[in-house]
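**Q** whatever this is, show me its structure:
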Amino acid sequence: MSRVGKNPIAIPAGTTVTVDGQTIKAKGKMGELQMQLATSIGGVVEDGHLIIRPKANPQRTRMMWGTMRSLAQSLVTGVSEGYTRNLEINGVGYRAQVEGKALKLQLGFSHDVLYPIPEGIEIKCERPTAVSITGADKQRVGQIASEIRAYRPPEPYKGKGVKYADEHIFRKEGKKK
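**A** You can find the predicted model right below:
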């Protein structure tokens, strides 16, 4: 029995969820998303809750039950509230700004890095050293944050680079004489 899978998913006000065969569609103020359930898993909307149930009881089905429930929870939360990932930029002369449909990053290279902002994702720069990535799809928001961080990951000696706002950089001591 899956401890995660058997919990129902509450559908917030202003969000509609429909189940059509193996497809779950959710629509809310942040947009519209859909996902495919595994073939051995089914979903049903009852009393303002989305319930994910296994169709059979083999081991593979029980393994996928909790996974599908977590993905469905992310889908419902994404269209109702959205997801945000914050990045911090540390380093002399390192900065970011949004120019039209692209994020312009100055990260100590001989050229500026232009990152095109995908459809459905919103990127803001409150300060030149802070980047906020917002969207309905949890996976896409995390992937974009990871791609931006990969341009200049934080180094352990001075902490220069792009890091997640909640990330702790393990610092190393420099050379000794």
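
**Q** and Val141, how far from Trp65?
**A** Using Cβ to Cβ, to the nearest Å, one gets 25 Å for the distance from Val141 to Trp65. Any C-beta I mention is one placed from the backbone N, CA and C, and that applies to glycine too.

**Q** swap in Ile133?
**A** Distance of Ile133 to Trp65, computed by Cβ to Cβ: 31 Å.

**Q** kindly report the same for Ala72.
**A** For Ala72, the distance to Trp65 - Cβ to Cβ - is 11 Å.

**Q** touching both of those two, which residues are there?
**A** Ile52 (Cβ atoms under 8 Å, 6 or more residues apart in numbering).

**Q** packing partners of the helix of greatest length in the chain?
**A** The residue-count maximum for a helix in the chain (DSSP state H) belongs to helix 59-80. Packing partners of helix 59-80 (3 or more Cβ pairs under 8 Å, 6 or more residues apart in numbering; DSSP states H and E): strand 9-10, strand 23-28, strand 31-36, strand 41-46, strand 49-54, helix 138-150.

**Q** any buried residues in the second one, and which?
**A** Going back to what we said before, that points to strand 23-28. The neighbour-count check on strand 23-28 (16 or more other Cβ atoms under 10 Å) flags Ile24, Ala26, Lys27, Gly28 as buried.

**Q** and what of the last one?
**A** Buried residues in helix 138-150, counted by 16+ other Cβ under 10 Å: Lys138, Arg140, Val141, Ile144, Ala145, Ile148, Arg149.

**Q** can you count the residues close to Arg127?
**A** Residues near Arg127, counting by other Cβ atoms under 10 Å, number 10.

**Q** output the below-cut-off pLDDT ranges for the chain.
**A** In the predicted model, the chain carries pLDDT under 70 at residues 1-2.

**Q** got the phi and psi for Pro118?
**A** The phi and psi torsions at Pro118 (degrees, to the nearest 10) take the values phi -70, psi 160.

**Q** chain neighbours aside, what residue packs nearest to Ala145?
**A** Leaving aside its sequence neighbours, Ala145 sits nearest to Arg85 (Cβ to Cβ, 6 or more residues apart in numbering; 4.0 Å).

**Q** what does Val44 give?
**A** Among residues not flanking Val44 along the chain, Ile51 sits closest, at 5.4 Å (Cβ to Cβ, 6+ apart).
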